[in-house]
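In: Make a model of this:
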Amino acid sequence: MRKLLLAVALLPCIAIAQEEPKKFTVGDCFRAVWSDSRAAPVVARLGIGQNPIPLPLRASKAKADKKEKQSLEFVSDGIQTCQALDQTNRVNYHPLTKQAVDELETGYRSVMARVYSGDLTWGAAIEANEATQKAFE
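Out: The predicted structure is shown next:
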């Protein structure tokens, strides 16, 4: 059922990729995932779109509850679908660029998995995501 819901949510991304593969941008696909209401619990906890991220979010010692874990699954599945759809574009990346993108994505997946498993709090996830991003700036 989760896969079916994800497929329905990502139909616009898939349609774009099938109709005009040269115009597909992974960023548009990511935005579709993050703007979906099922991503809202994760967006709220990670402060997505907030700059700077408020101190109460950064200091959160809360761990993902059942609803937030469902949201993490949706986001993770959606991001992986976007990445798979982007593989035709990534063929043209310079090998060092491809390696950097792969490592960055691996870092973010690791953070999501650690939050999902309860090994990481939401506040620590914000810090870990920022550290991952800084490593590639």
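In: Scan the protein for its longest helix.
Out: Identified as the longest helix of the chain according to DSSP state H is helix 95-117.
In: ok, residues contacting it?
Out: 63-64, 69, 72-73, 75-76, 79-80, 83, 90, 93, 120-122, 125, 128-129, 132-133, 135-136 (C-beta atoms under 8 Å, 6 or more residues apart in numbering). The way it works is simple: take the backbone N, C-alpha and C, and place the C-beta from them, glycine included.
In: State the pLDDT value of the residue positioned nearest the centre of the chain.
Out: Nearest to the mean C-alpha position of the chain, by C-alpha atoms, centre = their mean, lies I79 at 4.9 Å. For I79, the pLDDT comes out at 94.
In: pretty sure it contacts F30?
Out: Yes - contact criterion C-beta atoms under 8 Å: I79 and F30 qualify, at 6.6 Å.
In: State the distance from N51 to E130.
Out: Taking C-beta to C-beta, to the nearest Å as the measure, N51 falls 11 Å from E130.
In: Show me which of those two is the more surrounded one.
Out: Using other C-beta atoms under 10 Å as the criterion, N51 and E130 rank with E130 on top: 12 against 5.
In: if I look at the more buried one, how far off is C29?
Out: In terms of C-beta to C-beta, E130 sits 23 Å off from C29.
In: what does Q70 give?
Out: 20 Å.
In: Tell me which of those two has more neighbours.
Out: Taking other C-beta under 10 Å, Q70 and C29 do not tie; C29 has more neighbours (24 against 15).
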